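> please work out how this folds:
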Amino acid sequence: MTTIMTDHNMRKHTRYEIDLGSFAVFREDSSVLPGLIVDISKGGLAFFYHADENWPKDSSERYCLFGERCNVEDVSLITTYDAEVCDTNHLIYLILAKQKSGPIKIRRRGVTFGALSKEQEEGLEALISEYQDAKK
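Okay, the predicted model is just below:
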């Protein structure tokens with residue numbers, strides 16, 4: 001299992017790097033292509049998405065997080081950063097370019113989770129465990 005090493009004063013939770021394409025975040029608007037989760041913790045996650053897919057900066061919209069076996073629905077995501085990925089040789093371009101034709105712009109967004117219910121916390125733990133089990 002790969003963990004991202006950070007200054008413990010900056011982050012409360014260990015983030016686990018996810019194999020691109022394994023886990024996704026979906027908007028309520030099912031016409032929007034999902035974002036691909038790149039790392040996750042009990043406190044938040046980061047994901048890549050197509051810049052032209054109208055992902056709102058901040059909203060009251062709720063999101064769904066999906067793994068292969070587990071999912072967590074109706075999650076509030078609070079944006080902490082959102083940046084364009086300028087490296088066209090980045091692996092994410094190869095993966096996301098398959099979803100669309102023509103030139104693409106990719107962004108990486110970091111989010112923290114809003115208030116989670118007990119069921120959502122348990123679902124998030126199951127999602128992280130699913131990833132950890134896959135790496136064994």
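
> before we move on, which element is residue 25 in?
strand 24-27 (DSSP states H and E).

> helix or strand right after that strand?
Next in line after strand 24-27, if elements are assigned by DSSP H and E, sits strand 35-40.

> so what touches whichever helix or strand comes after that following strand?
Sequence order places strand 44-50 as the next helix or strand after strand 35-40, per DSSP H and E. Contacting residues not belonging to strand 44-50 are listed as 13, 15, 20, 24-25, 33-40, 55, 65, 77, 80, 85, 92, 96, 99-100, 104-113 [C-beta atoms under 8 Å, 6 or more residues apart in numbering]. Every residue, glycine included, has its C-beta placed from N, CA and C.

> can I get stretch 65-73 in PDB? Just the C-alpha atoms.
Extracted in PDB, the C-alpha atoms of stretch 65-73 (Å, rounded to 0.1, in the frame of the first residue of the first chain):
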ATOM      1  CA  LEU A  65     -18.100   8.000  -4.300                       C
ATOM      2  CA  PHE A  66     -17.700   4.600  -6.000                       C
ATOM      3  CA  GLY A  67     -15.100   1.800  -5.700                       C
ATOM      4  CA  GLU A  68     -15.500  -1.700  -7.200                       C
ATOM      5  CA  ARG A  69     -17.500  -3.100  -4.300                       C
ATOM      6  CA  CYS A  70     -18.400  -0.200  -2.100                       C
ATOM      7  CA  ASN A  71     -20.000   3.200  -2.600                       C
ATOM      8  CA  VAL A  72     -20.900   6.200  -0.400                       C
ATOM      9  CA  GLU A  73     -23.800   8.400  -1.600                       C
END
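
> quick check: mean pLDDT of it?
In this model, stretch 65-73 carries a mean pLDDT of 89.

> mind listing what's buried in that stretch?
Using 16 or more other C-beta atoms under 10 Å as the test for burial, stretch 65-73 gives 65-67, 70-72.

> for the nearest residue in space to residue 25 that is not next to it in sequence, which residues are in contact?
Using C-beta to C-beta, 6 or more residues apart in numbering and skipping residues adjacent in sequence, the residue nearest residue 25 is residue 35, 4.5 Å away. With contact taken as C-beta under 8 Å, 6+ apart, residue 35 is in contact with 24-26, 47-49, 55, 109.
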